[in-house]
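**Student:** with the sequence up front, the predicted model follows.
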Amino acid sequence: MRWALAPASHDPAGLRVLDLGAGTGKLTAVLLGLGTRVTAVEPDEAMLGELRRRCPQAQARQGSAEAIPLPDATMDAVVCGQALHWFDMDRALPEIARVLVPGGPLAGLWNSDDDRVEWVNGLQSAAGAAAPPSLSQRRAQEARFGVRRFGAEFFGQNAGREFPHGMTLTADTLIALLNTHSQVLVMPDAQRSAWLSDVRAYLDSRPETTDGEFVLPMVTSAIRAVRL
């Protein structure tokens, strides 16, 4: 996150940061932890309510990337966690540029499972269409979408970085997490039951995931550009 905010300041404390498409506030909480002054904008009322409950220190507002409810040049940085690909970029980029001060960064961040690790690649196969995004998928998407979408009209040179990390889970908590994915939620009951059996069987077959807690290797892919 510090890399995403660095063009605005190497010390993020006090920065005015817009968390755009903030969801339930996971990234908002990280930004608050850095001492930034966060305005969180989210279109969904239910998610916004959860964000307000979790992050009362943030200024939470209903709105969208295409119609940001903020005055001109009032944000030092704009960050988008797992959200930028949902925006209508032709409409969103002028709005983001409008609320950013010159020299302020726009950053998009996405988490993905690191399928360069053999057992994680196997999990992707076991989970099938309901698998979480993988690093190889993310890189393929970036080749088509990525930093080029920021363009040159409002923003200067684009940059990208990858940040490896991990999530501590058990087989049960991993399955519970996968169960929250929309692809699983819309499955017919019989299909979901068969899918759960396949994923459970795979996790039970792997020495990395059979005994208590394990770390799921992940990578955060980040792209960044600076307001002209």
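**Tutor:** Happy to help now that I have it.
**Student:** L109 versus the residue sitting nearest the centre point of the chain, what's the distance?
**Tutor:** Nearest residue to the geometric centre of the chain (C-alpha atoms, centre = their mean): Q82, 2.6 Å. From Q82 across to L109, the span is 7 Å (C-beta to C-beta, to the nearest Å). C-betas here are computed from N, CA, C, even on glycine.
**Student:** also A92?
**Tutor:** When A92 is compared with L109 (using C-beta to C-beta), they lie 16 Å apart.
**Student:** kindly report the same for Q141.
**Tutor:** Taken as C-beta to C-beta, the span from Q141 to L109 is 14 Å.
**Student:** who does the lengthiest strand in the chain pair up with?
**Tutor:** Scanning the chain for the strand with the most residues, using DSSP state E, yields strand 214-226. Strand 214-226 sits in its sheet next to strand 105-113 (antiparallel), strand 159-169 (antiparallel), going by DSSP bridges.
**Student:** and the ones you listed, which is most packed in?
**Tutor:** Most buried of the strands paired with strand 214-226, by mean neighbour count (mean count of other C-beta atoms under 10 Å): strand 105-113, with a mean of 23.
**Student:** tell me what the longest helix seen in the chain is packed against?
**Tutor:** When the chain is parsed with DSSP state H, its longest helix is helix 189-205. With contacts taken as 3 or more C-beta pairs under 8 Å, 6 or more residues apart in numbering; DSSP states H and E, helix 189-205 sits against helix 118-127, helix 171-178.
**Student:** comparing these, which comes out most buried?
**Tutor:** helix 118-127 (a mean of 17).
**Student:** from the middle of its chain, how far away would that helix be?
**Tutor:** 21 Å (C-alpha atoms, centre = their mean, to the nearest Å).
**Student:** cool, stretch 66-74 as well?
**Tutor:** 21 Å.
**Student:** ends of that stretch, how far apart?
**Tutor:** Start-to-end span of stretch 66-74 (C-alpha to C-alpha, to the nearest Å) is 17 Å.
**Student:** list the buried residues of it.
**Tutor:** Neighbour-count burial for stretch 66-74 flags E66, I68, L70 (criterion: 16 or more other C-beta atoms under 10 Å).
**Student:** for the residues you listed, which one is nearest W86?
**Tutor:** Set against W86, the nearest of those by C-beta to C-beta is E66 (10.5 Å).
**Student:** now tell me which helix or strand of the protein has the poorest mean pLDDT.
**Tutor:** Ranked by mean pLDDT, DSSP states H and E, the helix or strand of the chain with the weakest confidence is helix 135-144, at a mean of 83.
**Student:** counting by contacts, list what it packs against.
**Tutor:** Against helix 135-144 (3+ C-beta pairs under 8 Å, 6+ apart) you get strand 105-113, strand 214-226.
**Student:** got the angle for that helix vs helix 118-127?
**Tutor:** On the basis of axes from the mean of the first three to the mean of the last three C-alpha atoms, to 10 degrees, helix 135-144 is oriented at 80 degrees to helix 118-127.
**Student:** ok, G21 touching E42?
**Tutor:** Yes. G21 sits in contact with E42 when judged by C-beta atoms under 8 Å, with a separation of 6.5 Å.
**Student:** who's in contact with the residue lying farthest from the centre of the chain?
**Tutor:** Most distant from the centre of the chain: A190, at 30.8 Å, with distances by C-alpha atoms, centre = their mean. If you count contacts by C-beta atoms under 8 Å, 6 or more residues apart in numbering, A190 has none.
**Student:** any idea how far it is from L203?
**Tutor:** Taking C-beta to C-beta, one finds A190 at 21 Å from L203.
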